[in-house]
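Engineer: Build me a model:
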Amino acid sequence: MQDLYIYINKDNVDTCLKYGIKLSEYSNKILKLQNTEKRGILAFLSPKDSDLYTDENYECIRVIPNSLNIVIYNKICEDTPLIDNFYCDISEYTIGDYELPEAIICSSILQENLSAYNKILDKPLLVQNSREFYYEKSINDILDSDKFSKYELYQTLLILGDQKKVFDVSKEGDLKLYKDSISGKTYTKRSNFY
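Structural biologist: Sure thing, here's the model as predicted:
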């Protein structure tokens, strides 16, 4: 599994990097499951997944997950009965499985598992934004399943584009023209054609 990312108040960063992070001091998340509660340190699969990414009072710390007790869960299902179907151990998680994945580190973190994250010079991220990656992966899975024809997808995208006012729409008899004002490309849709 890739690295995880946590946010620590800037006043505590040096201490954490030097001595590690005690679960008892930094626990900030409780995940309530049907039969138990998981208590730990909230972590993210990508630095940009957190609202604290742009907060000047916090610094992002990279966590190497080796030998740590970590649970990944879908935040969308939190506080619903569905949560029991949308959490797993980090070793069982595949990137893109959950729409809004978050992690709970349920153990103290030794200093050798920690390093400061540098937004500019750090190693490349596998995923820039977990939610966007989930959507991209899901769309590709749907396309690969061949449950929808290319024609159906084309029609749906034209209708959605019309609703969002992305296209300038005009009619010529039973033909609708959808013109993208930015690229200049025109798409056609015949209303009585299947």
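Engineer: Report the separation between the residue of the chain most remote from its centre and residue 72.
Structural biologist: Relative to the C-alpha centroid of the chain, counting by C-alpha atoms, centre = their mean, residue 173 is the outermost residue, at 44.6 Å. Residue 173 sits 54 Å away from residue 72, going by C-beta to C-beta, to the nearest Å. C-beta: built from backbone N, CA, C; applies to glycine.
Engineer: quick revisit: what's the separation between the residue farthest from the centre of the chain and residue 190?
Structural biologist: For residue 173, the distance to residue 190 (C-beta to C-beta) stands at 9 Å.
Engineer: how close does the residue nearest to residue 100 when sequence neighbours are not counted sit to residue 69?
Structural biologist: Excluding its sequence neighbours, the residue lying closest to residue 100 (C-beta to C-beta, 6 or more residues apart in numbering) is residue 75, at 4.2 Å. Residue 75 sits at a distance of 19 Å from residue 69 (criterion: C-beta to C-beta).
Engineer: These two: who's more crowded?
Structural biologist: residue 75 (18 against 15; other C-beta atoms under 10 Å).
Engineer: which residue ranges form the strands in this structure?
Structural biologist: 4-9, 29-32, 37-43, 58-63, 70-74, 87-89, 101-105, 114-116, 167-172, 175-180, 186-190 (DSSP state E).
Engineer: Pull out the buried residues from stretch 167-184.
Structural biologist: Across stretch 167-184, burial judged by 16 or more other C-beta atoms under 10 Å covers 167, 176, 178.
Engineer: Surely the first one and residue 182 touch.
Structural biologist: Read it as residue 167. No - in this structure, residue 167 is not within contact of residue 182 by C-beta atoms under 8 Å, at 10.1 Å.
Engineer: quick one on the thing from earlier: which residue in the buried residues of stretch 167-184 has the weakest pLDDT?
Structural biologist: Least confident of these in the model: residue 176, at 87.
Engineer: show me what contacts it?
Structural biologist: 158, 169-170, 188-191 (C-beta atoms under 8 Å, 6 or more residues apart in numbering).
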